[in-house]
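# sequence plus predicted model, see below.
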Protein chains: 2
Amino acid sequence: MTTEPNTSAPCASGEGGSVVISVDAMGGDRGPAVVVAGMAESAMKNPEIRFVVHGDESQLGRLISRRKELVGRCDIRHAEGVVKMDDKPSQIVRKGSDTSMWSALESVRAGEAGAAVSCGNTGALMALSMLRLRKLPGVNRPAIACLWPSQNSGGFNVMLDVGADIRADASDLLKYALMGASYARNGLDIPDPRIGLLNVGTEEHKGRAELKHANDLIAAAAEAGHFRYVGFVEGGDLPSARVDVIVTDGFTGNIALKTGEGTAKLVGEFLRQAFANSILSKFAALLAMTSLKRLQKRIDPRRVNGGIFLGLNGTVVKSHGSADATGVSAAIKLAFQLTKSGFQDRLAARVAQSAATLPLGTESGEATS
Amino acid sequence: MTTEPNTSAPCASGEGGSVVISVDAMGGDRGPAVVVAGMAESAMKNPEIRFVVHGDESQLGRLISRRKELVGRCDIRHAEGVVKMDDKPSQIVRKGSDTSMWSALESVRAGEAGAAVSCGNTGALMALSMLRLRKLPGVNRPAIACLWPSQNSGGFNVMLDVGADIRADASDLLKYALMGASYARNGLDIPDPRIGLLNVGTEEHKGRAELKHANDLIAAAAEAGHFRYVGFVEGGDLPSARVDVIVTDGFTGNIALKTGEGTAKLVGEFLRQAFANSILSKFAALLAMTSLKRLQKRIDPRRVNGGIFLGLNGTVVKSHGSADATGVSAAIKLAFQLTKSGFQDRLAARVAQSAATLPLGTESGEATS
């Protein structure tokens, strides 16, 4: 059927082999000017990129015409409505077909863009993505994956789910492992990623029943899934170099993500206060400026901007609602890289393969998908 | 019955109104010399403190005789066995009656000490505490509370449960709120603590069913429990100044605690690397030394050493297994302060009062306690 979501064009091409990214310009906290500025930053660094931009046509036309990097590289799609941060996902699913978010997903569904980027309401974006792109065959619960600053040589670990669904059974956690491994290979260039399952201890007898079951399932799938399974990991391992991908349910993952962000912010604030304490410490701070900036860069959330939705028929990157131009540009870069690598097809093939080879009885959670 | 755990002597007195703390000297990673050094640090700062010390008599006798602050202020109780870090709690419960940990709890049970301190195996310490001290009437699941560096004026928030039990229903979460409020009043001198319930969002419709139920129960208990309820809080609020006590189940709390510790450690490591980068940055670090030490002090885990077990007939403080003398001394200080304030009796009264005034049907989880 021609109305089925497109899964065969992971690298939607514009003119001359370029990669097309669909951008929802309206949903962020800072409005479309910041989103367009982020697009311009990306376009300047990356001659291969083109955009389909969704939102208020006249406003976007004005903003884009002022950026010479963008002229001739954007298709504008007018959308009247905007999903607000406090809109309920259920309402958007029923009445949101005129919004820029909906329109941005349609470009991916129709195959004219390789991935969609939005700074909008996360819950609404996930609900609309599930409605319009639908779940991949073999996936019961899609997940949101984020990047986590770490001591690994690449500088980041992957964690999922960080909030798509507050529940996850053993079979879901196995899919998260497969999808996370695929993301680490294509988004982070880690050919043979190490997967860990988040728990309250590393001993095999610890934790909830579904975690023990998932532990067995993931261990059994490692060879076919081309990843290494390191077993249970703890909260302290999230930024460690002993793992590349951390698998957990969306409740725990969301708490861990926000706890990590909050702690980094607190330490930064304490650091600022420590240096503001006296004349001498202010002078030291001046001398240490380069070092402090280097630190700030390593933990700058804008560098890792972009949660990615996994388990759908299409790639969706969620940027922070409060992202500035640099943050938006980072999210676009991630969308570009994944599109270019053919990530979506590889992920789908990996999940399908696992569904076909897994022992019977482990897929019961997927009867509805 | 005279063999019942003692709950009426929260401030076990030695000579001249002193406060007696029971110390398990054997279970830590660094051995009894470090524990005795920590006791000496406490004794030097605090003339009111006395100890009952449990472990190898001849070894402890030698160590204590070398510390003039401790001479005449310690009763040594010989215990042959030591609980090791990898011992299974179930085995210790069956066969651990000769251990220093067991003996340390007996001193609290018998009322000769106001609180026990141990650096040993957390799981075994909780299992033995439940066996020997038993749960408080009205408490189904005891909890471990920890202190969390925060932007509050006192410098710390309380979080519980951080790992006593991986499950908690709505009624358990209510008890955690009451116990956490009591701890904040007596351990942190916050007369009117603000309680928050950890969730993945602050909107009332978010999260698991038991969280919505707990939200209602805790809100209803706020006035009688003399605390303020701020509703749901997120991971980013753990170090914030909008809350004093964060309530969660032991699975989520343990993950959050270790994530926060891991993140702080990572930022510290990045900071060290940033300053080690060049000659100039090394010089800046030298000048900034005072400021950096000030920062280190604020996030030093040794200052907040001491998870406390709540919901038992007796106060037990769990020190980090790897605590040094300063860490052990911090844990002893906490045990002293809680004993001196009459915390144990106040907590018991608070839980009993709530059990008497709560609406019917919310206490179903407690039939076994």
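Arrived safely, thanks for sending. Residues are numbered from 1 along each chain as shown, chains lettered A, B, ... in the order given.

# how far is the top helix by length along chain A from where the chain is centred?
Counting by DSSP state H, the longest helix found in chain A is helix A:250-275. Centre-to-centre, helix A:250-275 and its host chain are 20 Å apart (CA atoms, centre = their mean, to the nearest Å).

# so which elements touch it?
Other helices and strands packing on helix A:250-275, by 3 or more CB pairs under 8 Å, 6 or more residues apart in numbering or on different chains; DSSP states H and E, are strand A:143-149, strand A:156-160, strand A:194-198, helix A:279-287, helix A:289-299, helix B:250-275, helix B:289-299. C-beta here means a position set from N, CA and C on the backbone, and glycine is covered the same way.

# most packed of the ones you listed?
Highest mean neighbour count among these (mean count of other CB atoms under 10 Å in any protein chain shown): strand A:156-160, with a mean of 27.

# touching chain B at all, the helix or strand that it is followed by?
Counting by DSSP states H and E, the next helix or strand C-terminal to strand A:156-160 is helix A:170-188. No. Figure legend: helix A:170-188 not in contact with chain B (CB under 8 Å from any CB of the partner chain); closest approach 14.4 Å.

# per-residue pLDDT, the residue of the stretch 251-369 of chain A found nearest chain B?
Residue nearest to chain B within the stretch 251-369 of chain A: A:Lys258 (2.9 Å; CB to the nearest CB). For A:Lys258, the model assigns a pLDDT of 90.

# could you measure from the closest residue to A:Thr202 other than its chain neighbours over to A:Ile76?
With CB to CB, 6 or more residues apart in numbering or on different chains as the criterion, A:Thr202 has its nearest non-adjacent residue at 4.8 Å, and that residue is A:Phe232. Distance, A:Phe232 to A:Ile76, by CB to CB, to the nearest Å: 49 Å.

# where along chain A do the strands fall?
Along chain A, counting by DSSP state E, strands occupy A:19-24, A:49-55, A:74-78, A:115-118, A:143-149, A:156-160, A:194-198, A:228-233, A:245-247, A:307-310, A:315-318.

# related to what we said a few turns ago, can you put the helices and strands packed on helix A:250-275 in a markdown table and add distance to B:Arg67?
Shown next, in a markdown table, are the helices and strands packed on helix A:250-275 (distance: least, CB to CB, whole Å):
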| stretch | distance to B:Arg67 |
| --- | --- |
| strand A:143-149 | 44 |
| strand A:156-160 | 46 |
| strand A:194-198 | 43 |
| helix A:279-287 | 37 |
| helix A:289-299 | 42 |
| helix B:250-275 | 31 |
| helix B:289-299 | 25 |
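
# among the ones you listed, which comes closest to B:Pro149?
helix B:289-299 (5.6 Å; CB to CB).

# so for the closest one, mean pLDDT?
Helix B:289-299 carries an average pLDDT of 70.

# just to revisit the earlier point, got a list of what the residue of the stretch 251-369 of chain A closest to chain B touches?
B:234-236 (CB atoms under 8 Å, 6 or more residues apart in numbering or on different chains).

# ok, A:Ser240 next?
So A:Ser240 contacts A:150-151, A:157, A:233, B:262 (CB under 8 Å, 6+ apart).

# now do the longest helix of chain A against helix A:279-287, angle only.
120 degrees (axes from the mean of the first three to the mean of the last three CA atoms, to 10 degrees).

# export stretch A:137-144 to CSV, keeping only CA atoms.
Extracted in CSV, the C-alpha atoms of stretch A:137-144 (Å, rounded to 0.1, in the frame of the first residue of the first chain):
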residue,chain,number,x,y,z
PRO,A,137,7.3,-4.8,13.5
GLY,A,138,8.7,-6.7,16.6
VAL,A,139,8.7,-3.7,18.9
ASN,A,140,6.0,-3.4,21.6
ARG,A,141,7.3,-0.3,23.4
PRO,A,142,9.4,2.4,21.5
ALA,A,143,12.1,4.0,23.6
ILE,A,144,13.9,7.4,23.9
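
# hmm, it touching chain B?
No. Contact of stretch A:137-144 with chain B (CB under 8 Å from any CB) is absent, the minimum separation being 11.6 Å.

# so which bits of that stretch are buried?
A:138-144 (16 or more other CB atoms under 10 Å in any protein chain shown).

# check stretch A:333-341 too.
A:333-341.

# any chance of those residues in TSV with pLDDT and distance to A:Gly31 as columns?
Formatted as TSV, the buried residues of stretch A:333-341 follow (pLDDT from 0 to 100; distance: CB to CB, whole Å):
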residue	pLDDT	distance to A:Gly31
A:Lys333	93	21
A:Leu334	91	22
A:Ala335	94	20
A:Phe336	94	23
A:Gln337	91	26
A:Leu338	91	26
A:Thr339	94	26
A:Lys340	91	29
A:Ser341	88	31
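
# tell me how many other residues crowd A:Met44.
14 (other CB atoms under 10 Å in any protein chain shown).
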